[in-house]
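Q: Take this sequence and fold it.
(2 chains)
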Amino acid sequence: MTPQTLNKMTVKALKDLARELSVPGYSKMRKGELVDAIVARQTQPDREPRAAVGEMPPPVPASAPSSPGPQRHAPRLSDLGDLPPRYGRTRATLMVQKPDYLYAYWEIRDDELASARAGMGRVDARLVMRAHNVSAGIHTDIEVHAPIGDWFFKTDWAGSRVKVEIGLKGPDGRFIVLAVSNEVELPSAKASDRVDPEWAIQEDQFEAIYALSGGFTQGDSAQLQRIMREGWGPSSAGRR
Amino acid sequence: MEQGYFALVLHAHLPFVRHPEYPEFMEEDWLFEAIGETYIPLIAMMDRLVNDRVPFQLTMSLTPPLCEMLADPLLEERYDRRLNKLIELAGKELDRTRGHDDFHRMARFYHERFIDERRIFEQVCRRNLLGAFKRFQDAGVLEIITCGATHGFFPLMQVNERAVRAQVLVAQRNYEKHFGRPANGIWLPECGYYPGVERHLAEAGIRFFIVETHGVLHASTRPKYGVFSPLITLSGPAAFGRDMESSKQVWSAEEGYPGDVDYRDFYRDIGFDLPEDYIRPYIHPDGIRIHTGIKYHRITGKKSADKEPYRRDWAMEKAASHAGNFLHNRQAQMRHLSSIMGGRKPIIVAPYDAELFGHWWYEGPEFLEFFIRKAAFDQDEVRLATPMTYLSENPVNQRATPSPSSWGAGGYNEYWLEGSNAWVYRHLHAGADRMCELADQFPNADGVLRRALNQAARELLLAQSSDWAFIMKTGTTVPYAVKRTREHVMRFTRLYEQILGNAIDEGFLKECEWLDSIFQEIDYRVYADRP
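A: Numbering: from 1, shown residues only, chains lettered A, B, ... in the order given. Purely as a prediction, here's the structure:
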């Protein structure tokens, strides 16, 4: 939101917005300070992919209206309780975020973890995520601690096939696998070296058509699209 | 002489937001604003073009949730109520602005425009906007394409292929319900492609889809003609790549047309500007100020806080000149491409969010109409066509598999998978696995069990909308997106447990059916291993 838009909002709406954005000390701020703090907050660069584990958003009452206030109309709906904290199945899932970043989440059942630990005979074995570059036949270990967790991690494995295993690793290096993820292929983020003989093309011609197609300007053509879509509920510019 | 094809693709989508449990619900305004500012203006535009016998072809995706909302009597009623209040407010504005020429002229403009909007909605379309779009499709000027059933982001769903397949098949079935025939094309939600998704498209009878520029440029073999010719995937459907140059002229916040000083400013709205006692009946019942749609100022200057009055005549002149400039650039681009493509006719594919035109860029529909008329009568090098027209006239194309891609920032999945929204996937994936488990276990359910299984499928699909992750990332109306994700996951989970426990609570089931009424035609068996 632009400062102009914010300036048009009431102090109450600004405070609501500030709370949503976790602006420190917002409750004691005057209007001008709120606007500045919100603008500053909004222009902060994205956080690096975090290494939090099993983070969930704070619970929202199941039937809470997003529009603040109209409790007088609040319907009586079934109480839905909370999101399932666990699914009771050991599982690891791997997803591609972008060519050099991956995201994994997992759940290891308590009983399976306990029996693996017992089988290993080491109480000091640690829970580890082993990321395999299947194409290159190499791997790297990341200590993960929580039996229900998730992790963003960076690699330089663009173009390769990757999978992860969650397992127990003893001080002697022994590794017991508890869960194996699906395999994903990281995009290579560059033009292929392969040429179809039926559709053969010279190197310089390809470079020309690549450039005409916008191949060197990717990603900078859609600012307005982002502005527009981020603001939708634009409707909502002054909403909170 | 005709040098090539230009395919304008408008992607119209809103998430399914319908709250019968409240008399008024702020997020439903997303639909009402889009109807008044984008969908009706586009219908009126196509109506004029057809009446004037202007030759043109457009492609538009109308996503299944949007279709379901546009065909919903409750939402139609609420839209009508809102429009009538808007007309009342515009009437008051006629009095309030008397004596101030610039504003009064615009007040008259809005008053007439809203009355005309009501005429089109009630009398021309008889509240059936989908029927209006369908008529243009039947007349051959509009190709309506479908989308994922609830705009699920396929690259982050592929860990369960049956869930992606269900998004495609449910969408195709919904399309047939609304348009009386299967869709030829699909807009992959967020342009999100992963190698292999074409298998599901082929199964649904889909002939073409659009991918982001680098989806074609980084395909499995080098694309000889860049994005100016489609690639045929191994399963058959054709992949058309987005052209950056034509995108940029419209999309770029810096160089794009919509930021012109003469165009209407989006942010200055009387919903925020006028005293509370005057505007109160037209904003949220709890006093939260909202956009009314009545805006009197022009952008004036990039950084200027002092906005000057909007001049409709200046804005129209600007829209006409921008349309001429856009056409001129396409002609030059087309001539150049045609000269280097060895006799093969290029196709330039330019996709935009439909709601850009009218809702965000107020003069967007007029720009489009000027452009279409100029393209039809002022030149003969660029031909407006659909991807289907291209394919029928150019059946031989290079075969290759596009690269994973999306049109989100960065070109991959990071907008929908990052710190704010990654938590949803654990639940979405577990839900997809559980839904498949149910479909396998109950291959031929009927009665209440069948209803519960169908409702479980609806809840899962609604939870999968990419809109929720998108909103969590953007930071506006986050609590609503979180609430929607949680509710659908929890309703799904409870239904799943009741079904497996052989203890379906019919009261709860009815409540879910009433709240989440999308896809009345759904058949849960779409999740079964062998349908």
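
Q: How much space separates B:Asp138 from B:Leu49?
A: Remark: distance between B:Asp138 and B:Leu49 (Cβ to Cβ, to the nearest Å) = 15 Å. Backbone N, C-alpha and C define where each C-beta goes, glycine included.

Q: For those two, indicate the residue with more neighbours.
A: For B:Asp138 and B:Leu49, the more surrounded residue by other Cβ atoms under 10 Å in any protein chain shown is B:Leu49, and the numbers stand at 20 against 12.

Q: In contact with the more buried one, which residues?
A: Taking Cβ atoms under 8 Å, 6 or more residues apart in numbering or on different chains, we find B:Leu49 in contact with B:Phe56, B:Val141, B:Glu369, B:Ile372, B:Arg373.

Q: low-scoring stretches of chain B, by residue?
A: The model of chain B has pLDDT under 70 over residues B:253, B:530-531.

Q: Specify the strand with the largest residue count in it.
A: Counting by DSSP state E, the longest strand found in chain B is strand B:4-12.

Q: who does that strand pair up with?
A: For strand B:4-12, the pairing partners within the sheet under DSSP bridges are strand B:58-62 (parallel), strand B:347-353 (parallel), strand B:382-384 (parallel).

Q: Moving along the chain from the first one, name the first helix or strand you hit.
A: The one in question is strand B:58-62. Remark: after strand B:58-62, the chain's next helix or strand is helix B:64-70, criterion DSSP states H and E.

Q: packing partners for that following helix?
A: Using 3 or more Cβ pairs under 8 Å, 6 or more residues apart in numbering or on different chains; DSSP states H and E, the elements in contact with helix B:64-70 are helix B:129-138, helix B:161-179.

Q: mind listing the helices for chain A?
A: For chain A, applying DSSP state H gives helices covering A:3-7, A:11-20, A:31-42, A:110-120, A:203-212, A:223-231.

Q: wait, the stretch 151-300 of chain B
A: B:161-179, B:197-203, B:213-217, B:244-251, B:270-273, B:276-279 (DSSP state H, counting those that start in this stretch).

Q: which stretch of helix or strand covers the closest residue to B:Phe377 other than its chain neighbours?
A: Using Cβ to Cβ, 6 or more residues apart in numbering or on different chains and skipping the chain neighbours, the partner closest in space to B:Phe377 is B:Val54 (7.7 Å). Under DSSP H and E, no helix or strand contains B:Val54.

Q: could you list every residue that touches B:Val54?
A: By Cβ under 8 Å, 6+ apart, B:Val54 lies in contact with B:Ile372, B:Arg373, B:Ala376, B:Phe377.

Q: Endpoints of stretch B:440-450, how far apart?
A: Chord length of stretch B:440-450, first to last residue, is 13 Å (Cα to Cα, to the nearest Å).

Q: Name the residues of the host helix or strand of B:Phe326 that come out as buried.
A: Element membership of B:Phe326 [criterion: DSSP H and E] is helix B:312-340. By neighbour count on 16 or more other Cβ atoms under 10 Å in any protein chain shown, the buried set for helix B:312-340 is B:312, B:315, B:318-320, B:322-323, B:326-327, B:330-331, B:333-334, B:337-338.

Q: Next up, phi/psi of the residue lying farthest from the centre of chain B, please.
A: Computed with Cα atoms, centre = their mean, the residue of chain B farthest from its C-alpha average is B:Gly99, at 40.8 Å. Main-chain torsions, B:Gly99, degrees, to the nearest 10: phi 100, psi -10.

Q: and the gap between it and chain A?
A: According to Cβ to the nearest Cβ, to the nearest Å, B:Gly99 and chain A sit 24 Å apart.

Q: try B:Leu89
A: 16 Å.

Q: Same check on B:Lys295?
A: Counting by Cβ to the nearest Cβ - B:Lys295 and chain A are separated by 12 Å.

Q: can you pull the contacts of B:Ser517?
A: Per Cβ under 8 Å, 6+ apart, neighbours of B:Ser517: B:Arg18, B:Pro20, B:Asp72.

Q: Now rank those residues by neighbours and give me the top one.
A: Within these, neighbour counts (other Cβ under 10 Å) peak at B:Arg18, which reaches 20 neighbours.
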